[in-house]
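Chemist: when you get a sec, could you give me coordinates for this:
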Amino acid sequence: MKKYINLSFLASFFVALILASCSSGTNQSSEANAHNEMMAYHQKMIKAHADMVQSHKDMIKQHDAMKEEHEAVAKPVNEEHVQMEAQHDETINEHKDVMKAHDELIAKHQKLADQHASGEIDDETMKTEHEKMKTDHDRMNQEHQQSEKEHEMIIEDHKQMLEDHAEEEK
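Modeler: As a prediction, this is how the structure comes out:
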């Protein structure tokens, strides 16, 4: 009878051990999936940042070209041009601020990923913080798109001003 009890205990122990390993495997798999999703989003953030940087470079090129066009017309700088130039500088500076904040968010997101990978923070904390960062990232993308629209409007206004100057010449 003693052997039967020991075998029963042993069988129960193995069943419990198997169940525990299966459930912890699921949690590990779930955590790995969550971590992989977060890292995929991190790569998306890095790509968006590279796009922002390129857009900013394009804005500056357009700005410089706009100045050259205006100087080629050789018209004296009027108040309208001064205001447009100030607005353009402000838009470019706002875009720099968005890029800086976006760069900081990417670093913060990488730190979160590192903390999660090392076990310093749990899966639930990682998910919560990741969602907050996604919200911030979406807001920054909207700000970026708005600054691009403002920049395009300024360029169009400047083109119109140059056309007006050309008409005045005739």
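Chemist: C-alpha from now on. contacts and neighbour counts both.
Modeler: Noted.
Chemist: what's the first helix or strand after the helix or strand bottoming out on mean pLDDT in the chain?
Modeler: Lowest mean confidence among the helices and strands of the chain (mean pLDDT, DSSP states H and E): helix 2-73, at a mean of 65. Moving toward the C-terminus from helix 2-73, the next helix or strand (DSSP states H and E) is helix 79-118.
Chemist: off-centre distance for that following helix?
Modeler: Relative to the chain's own centre, helix 79-118 is displaced by 10 Å; criterion: Cα atoms, centre = their mean, to the nearest Å.
Chemist: moving C-terminal of that helix, what's the next helix or strand?
Modeler: From helix 79-118 onward toward the C-terminus, using DSSP H and E, the following helix or strand is helix 123-169.
Chemist: angle of that following helix against helix 79-118?
Modeler: 160 degrees (axes from the mean of the first three to the mean of the last three Cα atoms, to 10 degrees).
Chemist: who are the packing partners of helix 123-169?
Modeler: helix 2-73, helix 79-118 (3 or more Cα pairs under 8 Å, 6 or more residues apart in numbering; DSSP states H and E).
Chemist: and the residue nearest to the spatial centre of the chain, how far from residue 145?
Modeler: A centroid search over the chain (Cα atoms, centre = their mean) returns residue 45, at 3.9 Å, as the residue closest to the centre. Distance of residue 45 to residue 145, given as Cα to Cα, to the nearest Å: 15 Å.
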